[in-house]
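# Fold the following, please.
(one chain, ligands or ions: 1)
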Amino acid sequence: MRTDKRGGICFRVDDNKPIRQWVEFARVFDRHGFKFCAALCPGRMAGDEDYTRLVRSLQDRGHEIMDHTPLHSVDKLPLPQGADADAWRAMPGVDHVDATRVYLTYAPIAAATLPEYRADISGNLMKSRTPGVLNDPNQTRFIAVCVPHIDSVFRFRQIERSGDVVLALRSFWDEDNVDLGELRDVVFHKLSKADVRMTLDARVLLAESSLNLFESLGLDRPRTWIQPGSGGCSDFWREDVKACFGDLYGYVAAATYPDRSVKCFNEDDPNGDKRFGMQWGNFDDEARDLDWNLKRIADGIAGHRVLIGHSHFWEHVMPDGWDGYLKRVDRILSWCKENRVPVRTYSEWAEILYRTRPDPEVNVFPELSVDLNADGVPDGYDMLPAEVVRNDGGPDANGVFLTVRNAGAICSVDRLGGLEKGANTFSVWTRGHPGGGIEATFRFFEVETTQKHAFSTKSPEWTEQHATVTVPAGASLVNVTIECTRTGGSAIEIGGMRLKARGEDPTFVR
Ligand SMILES: [Zn+2]
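Predicted coordinates for the structure are as follows:
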């Protein structure tokens, strides 16, 4: 059993970037002894021996190479050299094949829940009977249309015709080969990336193609699958990744967009698929400055969460250029080392978060004395009007407490993870006028449950108080607000907050 619920971070860089960038980036990590993750497309490095040698050397140094699909696409594969195209054409999961690519099948669209629109189609041009419906420019929310009458999904280009947007339809695989003749007043649905799902047979071919390519390149097989942001009109759901990549091919982690997981300790995981929803973007080493990143990371760790960075090595979004980027990553890593913040890979974090049971009696409420990013605000807290007092007779060994002079909010802690389901002890030390009082509100927002606990301040001496907080089934996170309901005429002070499973606490009779 783990004795802590310490979160940490993971660095992820996507796409087959130039060798020079990988070499310089890896040098920073190797200097600190930390590992990063690279999501690569094996079909794009085939035949490039320099590139393969680079990737081999990254793997040899312990960096995690992840499967970003063979061609940065969920709907097509490279046709293997010398393959029998007719044999491929007959394979389950294959729609069609051309000289270089295999095009994969999509699952029937669950159209019943989608709004229904009507259109006229002529050749490849689709005009909606409701004006404005096709104008939506969002490529995640509106990536394709489904026409149930002919049981087909089409991608499109939006073009303007006499003041309204019409669609120039393309095939599901984005080929310019659509001609539907004349269709009047047919039903259609707008599809988001999450509405479109690839068949299990197609996913099987995606996994096998990647594994075969990695093997033929002399590389270790990947254990993590990373959804490409562009490349096809389907964003996978984590259950679909688990059912194929996890259950059939031994992948242990993945990143999906529609139903990403929280990545906190004790995350509710009834179907065992949360490790396949580990999306990135919790911090942004590429485009944000050092202080912004350290604050995000410090707050996330205080909440027992794991944070995944974000980078494409895009020099045009780096505020201080490539050299500034490398320096920033170097400083984040130094800070992690100084503060013992774990830096791990996807597959390592998946194991720790979703396969390991931590000690239920460890306190999960953020300590007021911890301020890893040294901005004067305890990590994990929004101070609201409270003032932080240090080294002045606090209630516990840390000597740090909060003080307010007026009724109203004191502090809040948002997205606190690491929770134990069922009965927990929340304790808080208070000091103030006997007429004063505080109230702690626990909002389990994922399951829409709120619990409030009121405490009288009782005494001008530090007094420890307790309440039982019941963490509902299905809750992974809680938002906590502590407020002063009445001052009793003097300052109200609180400190030493703790939250843990009800265990050996002697003040409780079990
Ligand atoms: Zn990508």
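# Could you use CA atoms for every contact and neighbour count after this?
Noted.
# Now for G281, how many residues are close by?
Here the count is done by other C-alpha atoms under 10 Å, and G281 has 13 residues near it.
# Work out for me the element it sits within.
Per DSSP states H and E: G281 is located in neither a helix nor a strand.
# State the distance from it to the ion.
13 Å (C-alpha to the ion, to the nearest Å).
# so who does that residue touch?
307-310 (C-alpha atoms under 8 Å, 6 or more residues apart in numbering).
# Which ones among these map onto helices?
Counting by DSSP state H, no part of the contacts of G281 is found in helices.
# So which of those sit within strands?
Of these, the ones assigned to strands by DSSP state E are 307-308.
# what residues are up against the closest residue to the ion within the stretch 101-250 of the chain?
The stretch 101-250 of the chain approaches the ion most closely through P228 (4.6 Å), counting by C-alpha to the ion. Contact analysis of P228 by C-alpha under 8 Å, 6+ apart lists 68-69, 72-74.
# closest to R443 among these?
Nearest to R443 among the contacts of P228, counting by C-alpha to C-alpha, is H68 at 37.3 Å.
# pLDDT value on the closest one, please?
H68 is assigned 98 on the pLDDT scale.
# do you know how far it is from G229?
10 Å (C-alpha to C-alpha, to the nearest Å).
# what about these two, which has more around it?
It is H68, of H68 and G229, that has more neighbours when counted by other C-alpha under 10 Å, with 28 against 18.
# pretty sure the more buried one contacts G43?
No. In this structure H68 lies outside contact range of G43 using C-alpha atoms under 8 Å: 9.9 Å.
# What residues does the stretch 151-300 of the chain have near the ion?
By C-alpha under 5 Å from the ion, the residues of the stretch 151-300 of the chain that approach the ion are P228.
# quick one: stretch 148-158 to chain centroid distance?
Distance of stretch 148-158 from the chain centroid (C-alpha atoms, centre = their mean, to the nearest Å) equals 31 Å.
# likewise stretch 215-226?
Relative to the centre of its chain, stretch 215-226 is centred 22 Å away, using C-alpha atoms, centre = their mean.
# Counting neighbours, which bits of that stretch end up buried?
By neighbour count on 16 or more other C-alpha atoms under 10 Å, the buried set for stretch 215-226 is 217, 219-226.
# Between its first and last residues, how far does it reach?
18 Å.
# when you give positions from now on, start the count at 828
In the new numbering, first residue 828, that becomes stretch 1042-1053.
# got a list of contacts for that stretch?
866, 873, 879, 882-883, 886, 891-896, 1038, 1041, 1072, 1077-1083, 1173-1174.
# Compute the distance between whatever residue of the stretch 878-1027 of the chain ends up closest to the ion and R984, please.
Nearest residue of the stretch 878-1027 of the chain to the ion: H899, at 6.2 Å (C-alpha to the ion). With the distance defined as C-alpha to C-alpha, H899 ends up 21 Å from R984.
# Please apply the same query to L1211.
48 Å.
# same for the worst-scoring helix or strand of the chain on mean pLDDT, what does it pack against?
Lowest by mean pLDDT, DSSP states H and E among the helices and strands of the chain is strand 1214-1216, with a mean of 90. Contacts defined by 3 or more C-alpha pairs under 8 Å, 6 or more residues apart in numbering; DSSP states H and E place strand 1214-1216 against strand 1228-1231.
# And the strand it packs on, what does it pack against?
strand 1214-1216, strand 1235-1243, strand 1319-1328.
# Convert stretch 1165-1177 to CSV, retaining C-alpha atoms only.
C-alpha atoms of stretch 1165-1177 as CSV (Å, rounded to 0.1, in the frame of the first residue of the first chain):
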residue,chain,number,x,y,z
GLU,A,1165,13.9,20.5,-5.0
ASN,A,1166,10.4,20.0,-3.8
ARG,A,1167,10.2,16.2,-4.4
VAL,A,1168,7.4,16.6,-7.0
PRO,A,1169,7.3,13.3,-8.9
VAL,A,1170,7.8,13.6,-12.7
ARG,A,1171,6.6,10.4,-14.3
THR,A,1172,5.4,8.9,-17.6
TYR,A,1173,1.8,8.1,-18.7
SER,A,1174,2.1,4.4,-18.1
GLU,A,1175,3.7,5.0,-14.7
TRP,A,1176,1.0,7.4,-13.5
ALA,A,1177,-1.8,5.1,-14.9
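# Let me see the contact set for the residue of the stretch 1078-1227 of the chain found nearest the ion.
Nearest to the ion, among the residues of the stretch 1078-1227 of the chain, is H1139, at 7.8 Å (C-alpha to the ion). By C-alpha under 8 Å, 6+ apart, the residues touching H1139 are 840-842, 844, 1113.
# T1297 too?
Per C-alpha under 8 Å, 6+ apart, neighbours of T1297: 1248-1251.
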